[in-house]
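Participant: sharing a sequence plus its predicted fold:
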Number of protein chains: 4
Amino acid sequence: MTLDEIYQKGTEVMEAKGLSDNLEGVETEFVLRHNEEIFTWYMFRQRAINSIEVTTRTRLLDVEFQVPIILSSMTNPIPQIEEDGLLKVARALKEVGAMMSLGTPVPSNLKELVEVGVPVIQTIKPFSDRSIVMKMISQAEDAGVTWVGIEVDAGLGTRRVRGCSPISADELKEIKQRISRPLILKGILSAWDAEKALEAGADIIVVSNHGGHTIDYLPHPLDVMDEIIGVIANEIPIIMDGGFRRGTDVLKGLAFGAQAIGLGRPILLGLAADGEEGVKAVITEMAEELRRVMTMTGVKDPASAHKGILL
Amino acid sequence: MTLDEIYQKGTEVMEAKGLSDNLEGVETEFVLRHNEEIFTWYMFRQRAINSIEVTTRTRLLDVEFQVPIILSSMTNPIPQIEEDGLLKVARALKEVGAMMSLGTPVPSNLKELVEVGVPVIQTIKPFSDRSIVMKMISQAEDAGVTWVGIEVDAGLGTRRVRGCSPISADELKEIKQRISRPLILKGILSAWDAEKALEAGADIIVVSNHGGHTIDYLPHPLDVMDEIIGVIANEIPIIMDGGFRRGTDVLKGLAFGAQAIGLGRPILLGLAADGEEGVKAVITEMAEELRRVMTMTGVKDPASAHKGILL
Amino acid sequence: MTLDEIYQKGTEVMEAKGLSDNLEGVETEFVLRHNEEIFTWYMFRQRAINSIEVTTRTRLLDVEFQVPIILSSMTNPIPQIEEDGLLKVARALKEVGAMMSLGTPVPSNLKELVEVGVPVIQTIKPFSDRSIVMKMISQAEDAGVTWVGIEVDAGLGTRRVRGCSPISADELKEIKQRISRPLILKGILSAWDAEKALEAGADIIVVSNHGGHTIDYLPHPLDVMDEIIGVIANEIPIIMDGGFRRGTDVLKGLAFGAQAIGLGRPILLGLAADGEEGVKAVITEMAEELRRVMTMTGVKDPASAHKGILL
Amino acid sequence: MTLDEIYQKGTEVMEAKGLSDNLEGVETEFVLRHNEEIFTWYMFRQRAINSIEVTTRTRLLDVEFQVPIILSSMTNPIPQIEEDGLLKVARALKEVGAMMSLGTPVPSNLKELVEVGVPVIQTIKPFSDRSIVMKMISQAEDAGVTWVGIEVDAGLGTRRVRGCSPISADELKEIKQRISRPLILKGILSAWDAEKALEAGADIIVVSNHGGHTIDYLPHPLDVMDEIIGVIANEIPIIMDGGFRRGTDVLKGLAFGAQAIGLGRPILLGLAADGEEGVKAVITEMAEELRRVMTMTGVKDPASAHKGILL
């Protein structure tokens, strides 16, 4: 199956199962339309002659990737598609050399997922009852996850999760001091929040508009990367998500300064279309497209992508 | 019902009652299309970390608002939808803490509406027979309205009201001297008219393209706010209307310098969809969306909105 | 009937009569789409307060207009719609105070049309056999037309007329010397051609893309007026045509520096929809819209329009 | 048949024969959409007065063209449409005075095609087994082709051809030294590759995005001609292809600095629609449109086109 076929079949399966709500966004769905359209604004400057051997391998903090791809934080939608979906996704990610990010609630079988051998991130929403947050962090650390994170942009919850309250830089600092793993802050979308993230001691950030699940009319990460990089410089790595569907989209994200790209709906659609194989096929296909376009633009590895390849 | 559901149901009810003419505009309806499209030009700069407690409460001259929302001047379409529609709308606005602006003709039960306790503005068209204008002003003052206004942009009437003549700054000055309430001038859409409004002694202005009911190809208030603020500065408050449908739209208007936002068709659709409850639901939903997006952009109250939150 | 109703009915009648070819353009029809779209790029700066008494009366050379409107040069399509169509159009134009421009062939009843009392322009295509051109000019002068013109942009003919050759400035000079009426040159669309027109002694020019009947991808007059006015300054008057359908379109053309506007398809549609009354209705409606928007933008007569009213 | 009719009929025939895959592109087909849209960004500055005699004749290196048109490199799709399609296309191109470019595989009847008398280019993909490349070059030279070329942008193959590897400037230099005909390098799309092409000793280049058959999101030649001309200056001639469908498109390519234009799908569609006559009709029609628009913009021959005619 091609990517288009997987996405189409996955969509049909999710509709048939009554799960297409997972593919929607808040209010006017401006965010979803914009997330899709923005990739058509950039083309590639080709370098066909003397083109080089490329690799999609990269390293973020202590994690080695075969492909610079991460499951965007989520939990609940996956078992709705297949009961043992989380395990299937974990295995697929492990096999292709990607990373897994889980959302709230913390999966009951988190330890089992970690044991699959895929590096796991557990992100947690800022529930108003902060003791729940601290308890989830402990659960995650006990299960042996690689990084622990907070979804700072879910300060008012999302379409599906309520009962959150905005979090402060001081609270984040406190969390940072209590954990033994690197701290990842997800949902940065402005220089302001990037500064607060650095101040709180984040080890890595995710630039994201939460896939259209929080508030409407948020910009796409590509819209704000320049102002964020103005703050972050090279101090900590940046992950980006939002509407990435093809290998060319991934290279655009890397060219803007991300070190890895999160995928949400594509993983759901792959799982719905063909289970574990579907998830692997999505990532394998995107990685193959990525390698082709890296080769033809002279980008030898993810860290070497730069805006000069864009037009 | 969500806002989308209310708008859809309201539209169906109005079509079924043969009232959809109220939702249309003059000539090519450029104004209606542009009023809708312009809100997609602006996105929000998120400030998720350290986000603050927000309130939608505000104050314009002597009026306290729970939400910075006003019924845009109209009379006739409302009783066409429900016979006692004006009373229902008045009660709904009172309950949510908004304001009511009535158009011409002056409703026969104006006094009854005022007694509901909602602050009421009575605006009057510049009928060629100026004695009618003065008589309507007296009626309104006698009924105890809060502010009295002139629709200066209806100088050639509207789609439904004829028999008007453009008004001069001198005539407006004369009206200002004869009334005891604050004077509101509606339909300002250029620096030129803003200057004339100040010169005439306006206490407040409404930047508006009259919802597409006067002439075609008028700009949206967002197109002209900068030139108008260049004249008005902070001397008097500014209200804005034109195509506002969501809480995010309201915040964009506030960010451009308005202190409150007028709603026309949304109130009609709410009334058509579910009577008094429908009107309340429209405003309550929009206010809830407004609060969410204020929180995530760090705007603590309507007066604190500024263009730096837009992208 | 409103303008929209006339245009719709006229289109249906022309289709039923197998005449819709007259409404089409060459090749990809880019010109027709662009002629329509360009009017949506400009909005009006409103001046509602102190608005003035306006008139649509104007004067070009020796001709008095009640409305600054001219039938765009054409002959053949009109009698195809109604056998005595030319006479009906002439009477309608006379009654509303507009002007009539005829194309080739020179109508056999030209004298009769002139006797209706409408000021008539006879424009002639640059037929390769220049003796035909000179004969037609004589015919027109003998019939008593007001102005005589050459369609310089039909140098390679049009979709319907072949056998033309590009004309030179020297040939145009020669024509100018042989005629006793003012010379109008139609189809100027660049500073280059404007200079040649002045050099040839033109008394008036028509900026036009020939309604999409010559070559594809020509700009609209609004695209090139600035460069043309850079050459023409105020030396001679400028007429403009191309996709004008509403009174607001007319004011945009005037604001860019035209003194009168040519209408082609709207007149055909008016004739098809309702004969002489239909033509009158089209112009009367457009003039009424024009008066309204002139009033609300503070333009006291066609010659006073300027780009400051546009946004 | 008009061009539109040929394109429509050709498309229908190809669909009926199950060959529409030849009309598609890789991944999201951004390239195909962009190749079509970009021509709508440019209009023509008309010069109707004093217009001159034009010719479409031109010369590139040692080849005389009646029309500046070349079949874009391809082999396989043509015999799929008609068994003796290559011969038919060769005859049609010979008759109208255009040039033929063949792709890989080298046609078995290459000598027969050359004997038709049309100047022939044989381009070769950079197959990983370079001995195949050298063998194909020998075959082409033995058959008496006019120019020999390498498709440098097919370094990772195309949708239909695999087993290629990126080529280096050194390898190209070696090929240049071993051949006796001029070397044409196809698939240049950046200043970088233009420099490498000069360095390798190319006698002519083709600026091309390979009709959407290699990687997605490549720019159109018009997007990158300025940077390429900044490198190439007037040292060697430039051919361009990508979405050209009309005579006006051809003039836009020439105005940007190409000396001849390649056609791919239009030739396939002409062949499918009406065999040899269809191919001739496509080129004859486009040449006629080209002559008309050259006349009206004052471009006396292909080499005289310049960006000043565009708007």
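Facilitator: Sure thing, it's come through. Numbers count the residues shown, from 1 in each chain, chains lettered A, B, ... in the order given.
Participant: show me what contacts the closest residue to chain D within the stretch 51-200 of chain A?
Facilitator: In the stretch 51-200 of chain A, the residue that lies nearest chain D is residue A:51 (3.6 Å; CB to the nearest CB). (C-beta placed from N, C-alpha, C; glycine too.) In this structure, residue A:51 makes contact with A:295, A:296, A:298, D:155, D:166, judged by CB atoms under 8 Å, 6 or more residues apart in numbering or on different chains.
Participant: quick check: nearest residue in space to residue A:256, chain neighbours excluded?
Facilitator: residue A:225 (4.3 Å; CB to CB, 6 or more residues apart in numbering or on different chains).
Participant: I'd like the next helix or strand past the strand or helix carrying that neighbour.
Facilitator: For residue A:225, the host element (DSSP states H and E) is helix A:221-232. Going down the chain from helix A:221-232, the next helix or strand is strand A:238-241, by DSSP H and E.
Participant: OK, contacts around the residue in the stretch 51-200 of chain A that chain C sits nearest to?
Facilitator: Using CB to the nearest CB, the single residue of the stretch 51-200 of chain A nearest to chain C is residue A:190, 30.9 Å away. The contact partners of residue A:190, taken as CB under 8 Å, 6+ apart, are A:224, A:227, A:228, B:45, B:46, B:47.
Participant: ok, those residues vs chain C, which is closest?
Facilitator: Lowest distance from chain C to those (CB to the nearest CB) belongs to residue B:45, with 26.4 Å.
Participant: can you count the residues close to that closest one?
Facilitator: Residue B:45: 22 surrounding residues under other CB atoms under 10 Å in any protein chain shown.
Participant: give the contact list for it.
Facilitator: A:189, A:190, A:192, A:219, A:224, B:297, B:308, B:309, B:310, B:311.
Participant: now it: how far from residue B:38?
Facilitator: 18 Å (CB to CB, to the nearest Å).
Participant: the closest residue to chain B within the stretch 201-311 of chain A: what secondary structure?
Facilitator: Chain B sits closest to residue A:219 of the stretch 201-311 of chain A, with a gap of 4.4 Å, by CB to the nearest CB. The assignment at residue A:219 comes out as coil when based on DSSP: H, G, I helix; E, B strand; the rest coil.
Participant: dihedrals phi and psi, it?
Facilitator: Main-chain dihedrals, residue A:219, degrees, to the nearest 10: phi -70, psi 170.
Participant: quick one on the thing from earlier: now the contacts of residue B:45: which count as buried?
Facilitator: Among these, those scoring as buried are A:189, A:190, A:192, A:219, A:224, B:297, B:309, B:310, B:311 (criterion: 16 or more other CB atoms under 10 Å in any protein chain shown).
Participant: let me have the residues you listed in CSV, adding secondary structure and pLDDT as columns.
Facilitator: As requested, those are exported to CSV (DSSP: H, G, I helix; E, B strand; the rest coil; pLDDT from 0 to 100):
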residue, secondary structure, pLDDT
A:189, coil, 98
A:190, coil, 98
A:192, helix, 97
A:219, coil, 98
A:224, helix, 98
B:297, helix, 97
B:309, helix, 98
B:310, strand, 98
B:311, coil, 96
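Participant: for those residues, which one is nearest residue C:268?
Facilitator: residue B:310 (46.9 Å; CB to CB).
Participant: run through the strands of the stretch 101-250 of chain A in chain order.
Facilitator: A:120-124, A:147-151, A:183-188, A:204-207, A:238-241 (DSSP state E, counting those that start in this stretch).
Participant: go ahead and name everything in contact with the longest one.
Facilitator: Right, strand A:183-188. A:73, A:121, A:123, A:147-154, A:172, A:175-176, A:193-194, A:197, A:200-208, A:210, A:214, A:228, A:239, B:46, B:48.
Participant: now with 7 Å, please.
Facilitator: If you take CB atoms under 7 Å, 6 or more residues apart in numbering or on different chains as the criterion, strand A:183-188 is touched by A:73, A:121, A:123, A:147-154, A:172, A:175-176, A:194, A:197, A:201-208, A:210, A:228, B:48.
Participant: and stretch A:218-227, by the same measure?
Facilitator: By CB under 7 Å, 6+ apart, stretch A:218-227 touches A:31, A:34-35, A:38, A:189-191, A:207-209, A:240, A:242-243, A:252, A:256-257, B:43-44, B:46, B:311.
Participant: now do the buried residues in stretch A:229-240.
Facilitator: For stretch A:229-240, by 16+ other CB under 10 Å, it's A:229, A:231, A:232, A:236, A:237, A:238, A:239, A:240.
Participant: noted, bye for now.
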